[in-house]
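Engineer: from the sequence below, what's the structure:
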Amino acid sequence: MDIKYTDERNFTQQQVQKLFQSVNWISANYPTRLIKALNNCETVFTAWDNDQLVGLINTIDDGELTAYVHYLCVREDYQKKGIGKKLLELVKNKYKDYFYLMLVAENDSLITYYKNHGFEMVTGTHVMAIQNK
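Structural biologist: Next up is the predicted model:
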């Protein structure tokens, strides 16, 4: 398997929707908003198997101090092949001079995954949000 990585935004709405559907993420139900959100992010790296989008990571940053990993998505049938690791490495390298590279891990297995890639829990913090439906 020869996976190609790029920061070019040469994906289509349909390719992104299919990727997000493959992991059952709710944002796949809003393909127009999802593609707009990705195109408005500071950084998007993608992973390709020929013309098939198999992975994606995106970040939002303030241009100097803090960057937030928003999505790290790898098709289920491509997981455990180092694609997520490579996408994380690309982001970590890009933001190596920032004070913080932050993300939200939604369950114990993701906490373990991100810890294995250098992230640490931030003591005394709590994730807060307003979720509009």
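Engineer: need the helix or strand of the chain with the lowest average pLDDT.
Structural biologist: helix 108-115 (a mean of 91; mean pLDDT, DSSP states H and E).
Engineer: buried stuff in it?
Structural biologist: 113-114 (16 or more other Cβ atoms under 10 Å). (C-beta placed from N, C-alpha, C; glycine too.)
Engineer: now find how far off-centre that helix is within its chain.
Structural biologist: From the chain centre to the centre of helix 108-115 is a distance of 14 Å (Cα atoms, centre = their mean, to the nearest Å).
Engineer: start at 808, not 1
Structural biologist: Understood, numbering begins at 808; the last thing we discussed is helix 915-922.
Engineer: could you list every helix and strand in contact with the longest helix anywhere in the chain?
Structural biologist: Taking DSSP state H as the criterion, the chain has its longest helix at helix 890-901. With contacts taken as 3 or more Cβ pairs under 8 Å, 6 or more residues apart in numbering; DSSP states H and E, helix 890-901 sits against strand 810-813, strand 850-856, strand 859-868, strand 873-881.
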